[in-house]
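> Fold the following for me, if possible:
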Amino acid sequence: MSAAKAEGRAERVEVRVHRSSEDSASSFTVDRITPMTVLDVLLAIQREHDDSLGFRFSCRVAMCGTCTVRVNGRSVLACQRIVERGEQRIDIAPAAGMPVIRDLIVDTSPFWEQWQRVVPYVSPEDGRLPEPAVVAPDSAERQAIDPALDCIQCGACYSSCGFAGDDGQFIGPAALNRAFVLISDSRDTAGQERLDIIEGHDGVGRCHFMYGCTGVCPKGLDPARAIRAARTGRMKDR
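Purely as a prediction, here's the structure:
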């Protein structure tokens, strides 16, 4: 037990959670631990105050992408976002741009529908590779792909795009980033199909370049870079 707790002065965090039912409690106070993530806060609320609170999580190490929420208006992974010492109050809301199922749980179908549109997997010639293909680590191709490769499909960028959720048809930053990766990959044969999709009415031309996607990516990716590349035609030569 910390000295502060021993003296009856345990630090506390005031939390407001956006609930789907008006009858559900939405304001809580939890004891601070160090370090403390937003996921720790949610688990403490569920364990000590209200076991009906709904939210998603799985891996706890920022790899599965299931725990996306908004904290003080910013899309984050709950398991990654630290509650800093100076933060005495936080506001937790569900990811934006997707229908709320319950509390912090959203229906991610709009995100996955757009992801599927760009054919998000490698399509090798004749549907198979005759032998393992190697892309040299120092090649221009690899240097283009690597900075965009580690997307975990968490939807934080989609939630932060002020246009994707409101529009409903815009392909969105995650799917466009994935299209960039695959179009840049010489082993893939569906590049023209993807270009036709992302250059269509609901593709890169609808991006307003607010850069919310790049600012919140928990893996440090830059979806706006992929969209810029598509809009300037730099992917067509790959």
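
> In contact with the spatially most central residue of the chain, which residues?
A centroid search over the chain (C-alpha atoms, centre = their mean) returns Ala156, at 2.6 Å, as the residue closest to the centre. Contacts for Ala156 were tallied using C-beta atoms under 8 Å, 6 or more residues apart in numbering; they are Thr68, Ser75, Val76, Leu77, Ala95, Val216, Cys217, Pro218. Every C-beta, even on glycine, is put in place using the N, C-alpha and C of the backbone.

> How about Val119?
Leu182, Ala190, Glu193, Arg194, Ile197.

> How about Ala179?
Contacts for Ala179 (C-beta under 8 Å, 6+ apart) come out as Val118, Pro120, Ile171, Arg194, Ile197, Ile198, Ala226, Ala230.

> name the element the second one belongs to?
Taking DSSP states H and E as the criterion, no element holds Pro120; it sits outside all helices and strands.

> doesn't Leu182 make contact with it?
Yes - Pro120 sits in contact with Leu182 when judged by C-beta atoms under 8 Å, with a separation of 7.3 Å.

> picking that back up, what about the residue nearest to the centre of the chain, distance to Gly97?
11 Å (C-beta to C-beta, to the nearest Å).

> thinking again about what came up before, out of the contacts of Ala179, what pair is the most spread apart?
Pairwise distances among those were taken by C-beta to C-beta; the largest, 15.4 Å, belongs to Pro120 and Ala230.

> Between the two, which has more neighbouring residues?
Ala230 (23 against 18; other C-beta atoms under 10 Å).

> Over to Met210. Which of the three states is it?
Secondary structure state of Met210, per DSSP: H, G, I helix; E, B strand; the rest coil, is coil.

> Which residue is the nearest non-sequential neighbour of it?
Spatially, and ignoring its direct neighbours in sequence, Met210 is nearest to Gly162 (5.8 Å; C-beta to C-beta, 6 or more residues apart in numbering).
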